[in-house]
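Participant: Fold the stuff below for me.
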Amino acid sequence: MDTDTSFEADWHPAVNFEPRRGGLRPSILLMHYTGMASAERAIGWLCSAESRVSCHYLVSETGRIVQMVREEMRAWHAGESFWAGETDINSASIGIEVHNPGHGSFYPPFPEPQMQAVEALSLDILARHDIRPERVLAHSDVAPARKEDPGEKFPWARLAEAGVAVGCGVLRREAEDLNAGYLMRIRTGRPLVCLKTATTLDGRIAARTGESRWITGPEARDRVHLMRARYDAVMVGVGTAAADDPELTCRLPGRWPRQPVRHGANSTRPDCHRPGSRGSRVRT
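Facilitator: Next up, the predicted model:
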């Protein structure tokens, strides 16, 4: 049977597919890795009824292209996923399985013959379906809580140079810093916690008499205020909350409408269930 692409490709039909839903047409090209020991085993799994999965294409490590689902049909490759408001990624995408054992094995680099075939096939699909390069995505992009393929070794920069994808990794560190709390929640299901502490050179936090003293300079104190503006809550010891009623707000020059909520670290003190007298809140 003839394949959809003009490039040499084998046809190996899958059984798990259906018409695209909601009138959607392909607007995303989605990259996966197979995560299996061999391309042949991956083809067998993707084409078996019991797998409950499928994909439009597979590209082996030698550059062999195999089509398993017609591009007009909805393959079952994305799973529970979303992108830019779209939650039925299967109906909105064409999927390419790039064979690689993946992170569960030794995760080798993607060889040159394979990437030549991926590049050519991708350019062909993008041209025929008028898919924009910024809509060439990783499985981990649309399902970040579940998937990590095709992974950090996938040569996105090469595809970007060929016009297949947009530049990858631009200002990545800055973006991860700005979204650290969100990424922690998505990746681990836990909140981001930052420990702030300061001591004098002799390991103390106040004068010998117990009287409070500044033990940091103005730059460090400004940094603490900036942290308060970025975080949702500040946790303090229940004794501090009850005795000092600290504001724990950002007091840098300018307008800072976003202020953290104060949390007491011990819920057994009834006097910490009161509102703070300086306008912030104490929670346990």
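Participant: Which stretches in the stretch 101-250 of the chain count as helices?
Facilitator: In the stretch 101-250 of the chain, the segments counted as helices under DSSP state H, counting those that start in this stretch are 112-129, 139-142, 156-161, 172-178, 180-188, 218-230, 238-244.
Participant: Would you mind writing the CA trace of the shortest one as CSV?
Facilitator: Taking C-alpha atoms only, helix 139-142 is exported to CSV below (Å, rounded to 0.1, in the frame of the first residue of the first chain):
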residue,chain,number,x,y,z
HIS,A,139,6.0,14.1,24.1
SER,A,140,7.4,15.6,27.4
ASP,A,141,6.1,19.1,26.3
VAL,A,142,2.5,17.9,26.1
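Participant: contact partners of it?
Facilitator: For helix 139-142, the external contacting residues (C-beta atoms under 8 Å, 6 or more residues apart in numbering) are 28, 30-32, 78, 81-83, 89, 147-151. Glycine gets a C-beta too; all of them are placed from N, C-alpha and C.
Participant: In a strand, residue 32, correct?
Facilitator: Yes - for residue 32, which was evaluated using DSSP: H, G, I helix; E, B strand; the rest coil, the result is membership in a strand.
Participant: Assess the claim that it and residue 98 are in contact.
Facilitator: Yes - between residue 32 and residue 98 a contact is recorded at 6.7 Å, counting by C-beta atoms under 8 Å.
Participant: Looking at the two, which one has more neighbours?
Facilitator: Comparing residue 32 with residue 98 by neighbour count (other C-beta atoms under 10 Å), the higher total belongs to residue 32, at 25 against 22.
Participant: separation between the more buried one and residue 93?
Facilitator: When distance is defined by C-beta to C-beta, to the nearest Å, residue 32 is 11 Å away from residue 93.
Participant: show me where the stretch 51-200 of the chain has strands.
Facilitator: Assignment of strands within the stretch 51-200 of the chain using DSSP state E, counting those that start in this stretch yields the ranges 57-59, 65-67, 73-75, 93-98, 136-138.
Participant: Return the most buried member of the ones you listed.
Facilitator: Ranked by mean neighbour count under mean count of other C-beta atoms under 10 Å, those are led by strand 57-59, which reaches a mean of 28.
Participant: which secondary structure elements does that strand contact?
Facilitator: helix 39-46, strand 65-67, strand 93-98, helix 112-129 (3 or more C-beta pairs under 8 Å, 6 or more residues apart in numbering; DSSP states H and E).
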